[in-house]
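Peer 1: sequence below, structure please.
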Amino acid sequence: MIISFALTACMVFTTEFGSLAADTQSDAQPIETINHETTISPLAETWNEIPETAAVAEATQVWHGKALANVESEADVLAEAVDGGEVVGKMYTNTILTVEERGDVWSKVSSGSVVGYVKNEMLAFGSDAVARAAAIDMTNPQDAKTLEEIAAEEAAKKAAEEEAARKAAEEAARQSGSSVRYDEAMSASADDQTLLAAIIYCEAGNQPHDGKVGVGAVILNRVKDSRFPNSISGVIYQPGAFTAVSDGQINAAISEDSTVYKAAQDAMNGWDPTGGCVYYFNPSTATNKWIWSRPLIKTIGKHRFCK
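Peer 2: Purely as a prediction, here's the structure:
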């Protein structure tokens, strides 16, 4: 009897437990299968971007306190943060500047010997500087330059070009055998040298260097020719010889750095690109029929040189 009771209780417990388990399972929500691709992919993408982001951050840090000029060729650096202000220098396409003060519209910057103000729209900062530096040639960044530095460079360039032209013309004349060189440099007083430079300025101020020297050489060739006065001043002031004398142009002031002084000195030193000519004229303005009859030796610039 005891055994029968135990079996009956066991059956009742089993039945109730099974019913309870079935009810619990019927109330539970279905479990979704985890999609590892959608779960891991965003993290993977972020992880892959970390090196690139770090590189950009590092490159941006290099530009901390600096800016890169954001101009096509060049732009003015001003003494004050006002439009139309005094220009103290120029910056260029690949100029790197130190930012002294950064404002909402203007920034105070420095580069080379230049310190002044530039509008922010003409500067690239931070990541913008990184992007611009990658887009242009930064092999040799160019410092900003003061106006004085620019003028000095232009003067040096012009002098170098004129010197090269002088040497090329001299060599060409030497090879053609038409160049006349004095045995010795012609001596003259400082006044005569200044006078020679003045007539060159009036007669050939807008001509190439060898054209200027050519006019000076013609004067000196006349000094050595018995048909003309035997001094520089005598040749230049010979009545009717030069229009610049008769109309007073020869008295015009000449700047100290004018290239006519070098042309006069080159002629005095014996360089004669004309081949010994004693006449010259501009065919576009000459009205004297006789001058057209002279034998043409060489044309330099706008002048024809004759004997």
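
Peer 1: which residues touch the closest residue to residue 116 other than its chain neighbours?
Peer 2: In space, and not counting its chain neighbours, residue 116 is closest to residue 77: 4.0 Å by CB to CB, 6 or more residues apart in numbering. Any C-beta I mention is one placed from the backbone N, CA and C, and that applies to glycine too. Residues in contact with residue 77, defined by CB atoms under 8 Å, 6 or more residues apart in numbering, are 87-91, 109, 114, 116-118, 144.

Peer 1: in strands, which of the residues you listed fall?
Peer 2: Counting by DSSP state E, the contacts of residue 77 place 87-91, 109, 114, 116-118 in strands.

Peer 1: quick revisit: closest to residue 299 out of the contacts of residue 77?
Peer 2: Each of the contacts of residue 77 was scored against residue 299 by CB to CB, and residue 90 proved nearest at 39.1 Å.

Peer 1: isn't that closest one right next to residue 150, touching?
Peer 2: Yes: using CB atoms under 8 Å, residue 90 is in contact with residue 150, at 6.6 Å.

Peer 1: and this structure, what are its domains?
Peer 2: Per automatic domain parsing, the structural domains of the chain span 62-149, 180-306.

Peer 1: who has more neighbours, residue 90 and residue 150?
Peer 2: More crowded of residue 90 and residue 150, by other CB atoms under 10 Å: residue 90, with 21 against 13.

Peer 1: ok, and the closest non-adjacent residue to that one?
Peer 2: Of all residues not flanking residue 90 in the chain, residue 74 sits nearest, at 5.0 Å (CB to CB, 6+ apart).

Peer 1: contact partners for the one you found?
Peer 2: By CB under 8 Å, 6+ apart, the residues touching residue 74 are 90-93.

Peer 1: next: residue 115.
Peer 2: By CB under 8 Å, 6+ apart, the contact list for residue 115 reads 88, 100, 108-109.

Peer 1: so where's the protein uncertain?
Peer 2: By pLDDT under 70, the weakly predicted segments of the chain are 1-59, 166-188, 257.

Peer 1: please, where are all the strands along it?
Peer 2: Taking DSSP E as the criterion, the chain carries its strands at 66-69, 74-78, 87-92, 96-102, 106-111, 114-119, 123-124, 145-146, 279-281, 296-300, 303-306.

Peer 1: closest to residue 131 out of those strands?
Peer 2: Taking the strands of the chain one by one with CB to CB, strand 123-124 is closest: 7.6 Å.

Peer 1: what is the closest one packed up against?
Peer 2: If you count contacts as 3 or more CB pairs under 8 Å, 6 or more residues apart in numbering; DSSP states H and E, strand 123-124 packs onto strand 66-69.

Peer 1: then the strand it packs on to PDB, C-alphas only?
Peer 2: Extracted in PDB, the C-alpha atoms of strand 66-69 (Å, rounded to 0.1, in the frame of the first residue of the first chain):
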ATOM      1  CA  LYS A  66      51.100  77.700 -38.400                       C
ATOM      2  CA  ALA A  67      49.200  78.400 -41.600                       C
ATOM      3  CA  LEU A  68      49.700  77.800 -45.300                       C
ATOM      4  CA  ALA A  69      49.000  80.500 -47.800                       C
END
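
Peer 1: surely residue 126 touches residue 63?
Peer 2: Yes: counting by CB under 8 Å, residue 126 touches residue 63, with 5.7 Å between them.

Peer 1: of the strands of the chain, which is nearest residue 271?
Peer 2: Nearest of these (CB to CB): strand 296-300, 12.4 Å.

Peer 1: paired strands for the closest one, with orientation please.
Peer 2: Using DSSP bridges, strand 296-300 pairs in its sheet with strand 303-306 (antiparallel).

Peer 1: contacting residues around the strand it pairs with?
Peer 2: Strand 303-306 has contacts (CB under 8 Å, 6+ apart) with 204, 207, 211, 214-215, 218, 274-275, 277-283, 291, 294-299.

Peer 1: enumerate every residue touching the residue nearest to residue 259 when sequence neighbours are not counted.
Peer 2: Of all residues not flanking residue 259 in the chain, residue 162 sits nearest, at 6.0 Å (CB to CB, 6+ apart). Residue 162 makes contacts with 208-209, 259, 262, as judged by CB under 8 Å, 6+ apart.

Peer 1: please apply the same query to residue 123.
Peer 2: 67-70, 97, 99, 107, 109.

Peer 1: which two of those have the greatest separation?
Peer 2: Pairwise distances across the contacts of residue 123 (CB to CB) peak at 13.1 Å, for the pair 70 and 99.

Peer 1: what would stretch 294-307 look like as CSV? C-alpha coordinates only.
Peer 2: Coordinates of each C-alpha in stretch 294-307 appear next as CSV, following Å, rounded to 0.1, in the frame of the first residue of the first chain:
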residue,chain,number,x,y,z
ARG,A,294,74.9,105.6,-95.0
PRO,A,295,76.1,102.0,-95.2
LEU,A,296,74.2,99.9,-92.7
ILE,A,297,76.5,97.8,-90.5
LYS,A,298,74.1,96.4,-87.8
THR,A,299,70.7,96.8,-86.3
ILE,A,300,70.4,96.7,-82.5
GLY,A,301,67.0,97.1,-81.0
LYS,A,302,65.3,100.0,-82.8
HIS,A,303,68.5,101.6,-84.1
ARG,A,304,70.4,101.1,-87.3
PHE,A,305,74.1,101.7,-86.9
CYS,A,306,76.0,103.0,-90.0
LYS,A,307,79.4,104.2,-91.1
